[in-house]
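# Here is my input, please return the structure:
(3 chains)
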Amino acid sequence: MHPILKLIAQRLALGLLLLLAASVLIFAGTSILPGDVAQSILGQSATPEALANLRRELGLNDPAVTRYFSWLGGVLQGDLGTALTNGRDIAESLGGRLKNTLFLAFWAAAISVPLAIFLGLLAVRYKDRWPDKLISAVTLTTISIPEFMIGYVLIYWVAIKWRMFPSVAIINDSMTLGAKLNAIAIPVMVLTLVVLAHMMRMTRAAILNVMQSAYIETAELKGLGMLKIIRKHAFPNAIAPIVNVVMLNLAYLVVGVVVVEVVFAYPGMGQYLVDHVSKRDVPVVQACGLIFAAVYIGLNLIADIVSILANPRLRHPK
Amino acid sequence: MTEPLLKVRGLKIGATAYPPGEKPVAIKIVHGVDFDLEAGKVLGLIGESGAGKSTIGLAAMAYGRGGVEITGGEVWVNGRNILKENLRNLRRLRGAEVTYVSQSAAASFNPAKKIMEQVTEAAIFQNKFTKSEAEARAIELFAKLGLPDPETIGNRYPHQVSGGQLQRCMTALALCPEPDLVVFDEPTTALDVTTQIDVLAAIKEAIVATGVAALYITHDLAVVAQVSDHIMVLQQGDMVEYGTVDQIINHPQEDYTKALVSVRSIDHQEKTPTDTPVLRVENVTARYQGTNFDVLKNINVDIHPGQTLAVVGESGSGKSTLARVITGLLPPSDGQITFDGRVLNPELATRPIEDLREMQMIYQMADTAMNPRQTVGTIIGRPLEFYFGLKGKAKQKRIQELLDEIELGDGFQDRYPAELSGGQKQRVCIARALAAKPKLIICDEVTSALDPLVADGILKLLLNLQKIEDVAYLFITHDLATVRAIADSIAVMYQGKVVRYGPKSQVLAPPFDDYTDLLLSSVPEMKIGWLEETIESRRMESAGN
Amino acid sequence: MKNIPISAMIGLFFTGIYFLMAVFAPWIAPYGMAEVVGDVWEPSSSEFLLGTDSIGRDLLSRMIYGGQTTIFIATAATILSFTLGSVMGFFAAVSGGWVDQTLSRFVDLIMSIPSLIFALVVLSVMPTTVPILILLMGLLDSTRVFRLARAVAVDITVMDYVEAARLRGEKIGWIIFRETLPNALSPLVAEMGLRFIFAVLFVSTLSFLGLGVQPPQADWGGIVKENKEGINYGIQAALYPAYAIATLCISINLVADWILNRTTSLKGGRG
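Reported below is the predicted structural model:
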């Protein structure tokens, strides 16, 4: 087997292992911690009988390990359990919301990734001149602002004062793509601003790192023009770090989605999760937590695999 | 008289430094240098670090590395003052008329592209050759430079060939577009000595065969004497002396040049071994955790009190590992070490303090061997406090004595390492080792990172201190000139084994084993024609076999 | 104090003001924290400088008390994450071997789940009280400090001067406190600023989601939540705490930047 395939297989196995460990952690976080689910659901005033009933119903009297494996077994078969609060099947309720969340995240990524790379290149091109300084000052500011603040500032100006886009992002399946995009315009802007700063700064650093290599100087001393140097010598070596940056920030975007969905009352998974955390609906929280963790781990895994594939030393071993 | 290929007049080069939190400072690197280079000739630029030699070399391409800027003067190439040219015209010059070979080929090749593509790139881009012509020429150059499989080596990636081979590929890269002038910037400095001689010979042959002119930049006068027609000696941005190779090597005029020529000429008489060695290494075998081969194989050496054992070898020979085993940082898998009559515990952690005190270490990089946040006084004072419990006045007095011993005088106690020069730093490290009153000091390549004249000073100091303190040295080095200067006995290491061991006079006298012969004959000598003689005698030998 | 750049001055000034306001909140605030003193969302006037909030409390007073809560929680969480993370990070780096492996893999695992998601999972079964918030944020964030401290310490422990100290026979205490720590300080101090910013953003986000500081106690994230409906009527009440968070975070960023630059240029600094 080609050593690179072996390495990738190793990474995939490691990713699965990590996901499994994360599921243990999520389960443990809701079960072993001193909080009592039954008590939390029924409140302080619950009678002992009611508590005992609920505990039995939830299987809380079984040892944690047994409960974990029955939960995991269910998850592997696509059964995420039923919500405590309304008794509905979690997988069913999640399906549509997951789709909405991915829709929102996709458009945010589709705008922010090219924009960040473009701005990163621009900052490198005009390094230490005013465009670079301006971009870095603006990004420093946006890094220091919470997502929800960007959300409300944009709502205040774009939706209320200028009346350009709606302030609430409600979408449903009967809407046309155009109508949907109109509805999510402001949330997409917020998410873009949130990840743009990080992504652009890291892209800039990654490209600068490559541009300072000795082989770039070699290319310059061959008399090649700047564009040709970037295209032929810098780019092949910058792909891996840039993909890394993008994946890292997409993972960050996944988290940003949670808050943004709440701000805009968007019917996605984040809002669903936050809702059920306040209702202390543990099975829903576990299911959502696991999905978010899986996406996060998956994105990091992709970044890992791309850097392996892009490494000439691994692709062409001695 | 025809116009020279390269004519430099009043060249001034500067840079801007940005000390954090302070205003930018303009620094002058080269203060006005003049020289000519005729077509097909080789000019050697020689000087210590900071002499400005690389900067001058790059100025021949009107290129300033990093923040370096050419601030004045004229650089004429083929009758044009290239400092007046715009970038578009400069790009036609770079890679076509003038090309460059850097010190580190490994960093200068793009890791993501095949060697052939990079070697032919400039020739094709500058419209000197078509792709197939350029490739044919590259293969021809590969063969001329003695690379194995010249037909196919170009299809490999840079990491797939060895360091010495890559340095030759870099030479091919520079010669491929048929330039008029090649700038060689320390092309063999990063190589092991036995590799260096082959690369050097290959470069010289290629220069002769193609009739190209060259600027050859190096800090090693013996190397430059082999390849140049003329030599220019530089010191801190000024020209000290200029002349033919014969003038500079055999009849230097200036003191600085004389010092450079006579460097490493310390004459050290070897002492006779005593009956009881201070350190005895017996049958030591060692390997690093998680590896499956022995880095050291059955090593046996002795060091006698007040004497120096030089361990010499190239990178990967295991010489530094030997130091780690002796100090206890890497416990051996087999064998034992006897120090001052008692068997040492293999593990550092289990050795008594007295054993630690009596064996001290000095490192190659004085920069990283001293805590940057401690003053010289603290650095030297700590062993006094730690081993002897000295405090207050007594400690101050002893620190001053040690500073005097290493010839650093007053006012150094409160300085930080960053405020010292390279040689001063190494002296402080020596003082720290002496402070423990050791019986043995392990010196790991202590002069390798220093300029030749500074290194000479350190060697003289070490020899002098050995007389006064009667301390033994285990001196690890790759440099045979240093060995000659300081050793009483020598161990030659190759691939984890001691291949030759004994008193200096025996080890350095024939008959030699193959490796020692190769090693000794590869060290450049400050003699015109040495390279040809050596290569020729090797050819005869191999023909004789 | 003469060499402080203007950006760091601004940063120091605002950081100082915010911390002073937090400490002296009861003396500065014109009204009580939960005292209803006027109508709903009154505009700013000489009586109520920033106007009133969604149920008629003085917004300025609430902002000042909210700052106190936010800064207190963030400070406590930072101290916790910092102490725990750097001690464990140094310990892992200096020990090496299986101790390092175990700790590092465990931290990798925790970091494989986004902090916010992890916090939400835990808060679904835990009561949301201030001590629990501090503990949760401190523990989660200590993983990042751990990584940095370990990386910095590993860089330093491979230095020859640390080896020289070990060869001299120095104890682990000397190696950590005299050889390693002084050289690790500047990146760690700058990191402390970033961790504090992160803690402010984190607690504000949790409160905004309704899972952090509980009413009637005020904190900046909570004030946004309480007043967010006003946005739709063009009332800026929800934006003030957001401005406050942003200015505080930017100021600390500026100070951290300066400290990082300054300490590396000290005599005997690195480079």
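
# going forward, measure contacts and count neighbours with C-alpha atoms only.
Will do.

# quick one: secondary structure of B:A15?
strand (DSSP: H, G, I helix; E, B strand; the rest coil).

# ditto for C:I259
Of the three states, C:I259 takes helix according to three-state DSSP.

# Test my guess that it contacts C:A190.
Yes. Counting by CA atoms under 8 Å, C:I259 does reach C:A190; the two are 6.5 Å apart.

# Return the set of buried residues in the helix or strand of chain B with the lowest mean pLDDT.
The helix or strand of chain B with the poorest confidence is helix B:530-544; it has a mean of 84 (mean pLDDT, DSSP states H and E). The neighbour-count check on helix B:530-544 (16 or more other CA atoms under 10 Å in any protein chain shown) flags B:W530, B:L531, B:T534, B:I535 as buried.

# Give me the nearest residue to the last one, chain neighbours excluded.
Right, B:I535. Setting aside the residues directly before and after it, B:I535 is nearest to B:A201 in space (CA to CA, 6 or more residues apart in numbering or on different chains), at 7.7 Å.

# Equivalent analysis for the first one, please.
For B:W530, the nearest residue in space outside its immediate sequence neighbours is B:Q226; the separation is 6.8 Å by CA to CA, 6+ apart.

# any idea of the pLDDT on that neighbour?
Looking at B:Q226, its pLDDT is 91.

# Tell me how many other residues crowd it.
Neighbourhood size, B:Q226 [other CA atoms under 10 Å in any protein chain shown]: 22.

# Looks like it contacts B:T534 (just checking).
No. Assessed by CA under 8 Å, B:Q226 is found out of contact with B:T534, at 11.3 Å.

# circling back: distance check, the residue nearest to B:W530 against chain C.
37 Å (CA to the nearest CA, to the nearest Å).

# check contacts around that residue.
Each residue near B:Q226 by CA atoms under 8 Å, 6 or more residues apart in numbering or on different chains is listed here: B:K527, B:I528, B:G529, B:W530, B:L531.

# Up against chain A, what does chain B have?
B:61, B:90-96, B:99-100, B:107-112, B:121-122, B:125-126, B:157, B:159-160 (CA under 8 Å from any CA of the partner chain).

# Can you list which of these are found in helices?
B:L90, B:R91, B:R92, B:L93, B:A107, B:S108, B:E121, B:A122, B:F125 (DSSP state H).

# can you pull the contacts of the last one?
What it means is B:F125. Taking CA under 8 Å, 6+ apart as the criterion, B:F125 is in contact with A:L224.

# strand partners of the host helix or strand of B:C443, parallel vs antiparallel please.
Using DSSP states H and E, B:C443 falls within strand B:440-444. Its sheet considered, strand B:440-444 pairs with strand B:359-362 (parallel), strand B:472-477 (parallel) by DSSP bridges.

# looking at those strands, which is closest to B:K391?
Judged by CA to CA, the one of the strands paired with strand B:440-444 that comes nearest to B:K391 is strand B:359-362, at 21.3 Å.

# Show me which parts of that closest one are buried, residue by residue.
Neighbour-count burial for strand B:359-362 flags B:M359, B:Q360, B:M361, B:I362 (criterion: 16+ other CA under 10 Å).

# what do you get for stretch B:420-437?
Buried-residue list, stretch B:420-437, by 16+ other CA under 10 Å: B:422-437.

# can you tell me which two in those residues are farthest apart?
B:G422 and B:K437, at 23.9 Å, using CA to CA across the buried residues of stretch B:420-437.

# ok so, going back, buried ones from the residues of chain B next to chain A, can you make that a ChimeraX selection?
The following ChimeraX line selects those of the residues of chain B next to chain A that are buried, judged by 16+ other CA under 10 Å:
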select /B:61,90,91,92,93,94,95,96,99,100,108,109,110,111,112,121,122,125,126,157,159,160
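
# just to revisit the earlier point, turn the contacts of B:Q226 into JSON lines, including distance to A:M189.
Compiled in JSON lines, the contacts of B:Q226 are given as follows (distance: CA to CA, whole Å):
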{"residue": "B:K527", "distance to A:M189": "73"}
{"residue": "B:I528", "distance to A:M189": "72"}
{"residue": "B:G529", "distance to A:M189": "73"}
{"residue": "B:W530", "distance to A:M189": "72"}
{"residue": "B:L531", "distance to A:M189": "69"}
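
# Under a three-state scheme, what state does B:Q336 occupy?
Per three-state DSSP, the local secondary structure of B:Q336 is strand.

# Taking the stretch 101-250 of chain B, what residue is nearest to chain C?
Going by CA to the nearest CA, chain C is nearest to B:Q236 of the stretch 101-250 of chain B, at 21.4 Å.

# Return the distance of that residue relative to B:V33.
The gap separating B:Q236 from B:V33 is 11 Å, by CA to CA, to the nearest Å.

# Ok, A:F106 next?
Relative to B:V33, and taking CA to CA, A:F106 is found at 61 Å.

# In terms of neighbours, single out the busier of the two.
Neighbour totals were compared for A:F106 and B:V33, and B:V33 leads with 18 against 15 (other CA under 10 Å).

# For residue 16, grab the count of nearby residues.
Just going to use chain A. By other CA under 10 Å, the residues close to A:L16 number 16.

# That was the other one, I meant chain B.
Neighbours of B:T16 (other CA under 10 Å): 14.

# who's it bridged to?
Beta-bridge partners of B:T16, counted by DSSP bridges, are B:A26.

# With chain C as the reference, measure out to it.
Relative to chain C, B:T16 is positioned 16 Å away (CA to the nearest CA).

# Among the buried residues of stretch B:420-437, name the ones in helices.
Filtering the buried residues of stretch B:420-437 for helices - DSSP H - leaves B:422-435.
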